[in-house]
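Q: need a structure here:
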Amino acid sequence: MTNRNWLSDFDIGAGAVRVRKTGAVVPIERGVVVEVATWLPFYFAVAAAAPKSKAFKLAFSPDRARPWYLVWAAAKLAGADIVDDPADADVIFHFEDATISRNPPPARRRAHAKLINFECMDVSKSAVAAAFEATFGYDLTIDPRTYSGQAVEKSERNGAHDGRLVTCPTDPRPGRVYQRLIDTARRDGLVEDLRTPLVGGKAICVYRKRRRIGERFANHNSEVELARPAEIFSAAELDLLARFAAAIGLDWGGVDVLRDVRDGRLYVVDVNKTDMGPPIALPLKDKMASARALAAAFRDLAMAGSS
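A: Reported below is the predicted structural model:
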């Protein structure tokens, strides 16, 4: 496994770490330290399980995926030889942890190199909602000036976790989007998100992420369970998720799906083409099980059409 200076991705200051690429600031507190300590056994398990023989050469462009991103673990377990030069790669994966990215495929590349995620350039909340509404046939977005009742206000940025409840009608704020409040509350008082990794349009597994209702927009979970897609979604819903992925150009990535307990409808509210994971709260054996399933799907995607 190639050693890299991961610290070059961060600016470490007094009591906080700033992610250089995104500008996100993470306070250095006990919870963060515990999460890092919980993640490390997964990293070492992937390192130990990665096959020595390599199936294909993989390059990330414009940025290299670090080990805390889910695609890194899947690629390693799939037998990818991760190289720096796209011209030396069989597969080139568009990787930039940004909401909107306009980077084209590298000009210097093999004639038959497989390109992944180069059609998925905009994962803003507006773009996700537009693709969802066109695919599923019903609305997620609302007009806060005419809608009546509670709604969700979010920024356009991916991974901001800055949603908040607002009471409509209300005047919209610049740079914010407004969506229906999807009721996912369970009988135990927890709300549930269905993080669903899609590879080549196919749902590979489902991370059932639960947190307290007052923390519905937070980035930490009270509990996480691993499930098979067929346990969660109908065949028709899985087809809709595949069509949604095609509509937004997503070859690889995690989608955040909510099921409204009032009418059973699904809502895709977020797309994570550079998703981290597996979720920290998931047991190690389930982390590895999901990573292996994703690795098999990633290998199939990477080698599709190759002789």
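Q: now the helices: where do they sit in the stretch 101-250 of the chain?
A: For the stretch 101-250 of the chain, the helices defined by DSSP state H, counting those that start in this stretch occupy 125-136, 229-232, 235-248.
Q: For the stretch 151-300 of the chain, which segments count as strands?
A: 164-168, 176-180, 190-199, 202-203, 206-212, 223-227, 252-259, 266-272 (DSSP state E, counting those that start in this stretch).
Q: again but with the stretch 1-150 of the chain, I slipped
A: 10-13, 16-19, 25-27, 56-62, 80-82, 91-95, 114-116, 149-155.
Q: Now do the first one, average pLDDT.
A: In this model, strand 10-13 carries a mean pLDDT of 55.
Q: next one: the second one
A: Within the predicted structure, the mean pLDDT of strand 16-19 is 55.
Q: Quick check on D97: phi, psi?
A: D97 adopts backbone torsions of phi -80, psi 70, taken as degrees, to the nearest 10.
Q: just checking, it touches D275?
A: No. Taking contacts as Cβ atoms under 8 Å, D97 lies outside contact range of D275: 9.8 Å. Backbone N, C-alpha and C define where each C-beta goes, glycine included.
Q: Quick check: pLDDT value at C120.
A: With respect to pLDDT, C120 scores 97.
Q: Same check on A75?
A: 98.
Q: Can you give me every residue that contacts the closest residue to it other than its chain neighbours?
A: Excluding its sequence neighbours, the residue lying closest to A75 (Cβ to Cβ, 6 or more residues apart in numbering) is L58, at 5.6 Å. Neighbour list for L58: A75, A80, D81, I82, V83, A89, D90, V91, I92, F93, A302 [criterion: Cβ atoms under 8 Å, 6 or more residues apart in numbering].
Q: now S126
A: S126 makes contact with T141, E156, V177 under the criterion Cβ under 8 Å, 6+ apart.
Q: how about a cut-off of 6 Å?
A: S126 is in contact with V177, counting by Cβ atoms under 6 Å, 6 or more residues apart in numbering.
Q: right, and K125 touches S155 too?
A: No. Between K125 and S155 no contact is recorded; they are 7.5 Å apart, counting by Cβ atoms under 6 Å.
Q: the more surrounded of those two?
A: A count of neighbours by other Cβ atoms under 10 Å puts K125 above the other of K125 and S155, at 25 against 16.
Q: what about that one, distance to R176?
A: From K125 across to R176, the span is 9 Å (Cβ to Cβ, to the nearest Å).
Q: where does the protein have low pLDDT?
A: 1-34, 159-161, 219, 305-307 (pLDDT under 70).
Q: please redo it, this time with the cut-off set to 80
A: Scanning the chain for pLDDT under 80 picks out the ranges 1-36, 157-161, 187, 214-220, 305-307.
Q: Got the domain ranges for it?
A: Listed by automatic domain parsing, the domain ranges of the chain are 6-119, 125-272.
Q: Redo these as a markdown table? Include distance to L282.
A: A markdown table is the format used below for the domains of the chain (distance: least, Cβ to Cβ, whole Å):
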| stretch | distance to L282 |
| --- | --- |
| domain 6-119 | 9 |
| domain 125-272 | 4 |
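Q: I'd like to know which of these lies nearest to M288.
A: Across the domains of the chain, M288 has its closest neighbour in domain 6-119 (5.7 Å, Cβ to Cβ).
Q: and that closest one, how far out from the chain's middle?
A: 13 Å (Cα atoms, centre = their mean, to the nearest Å).
Q: do the same with stretch 237-253
A: That offset, for stretch 237-253, works out to 13 Å (Cα atoms, centre = their mean).
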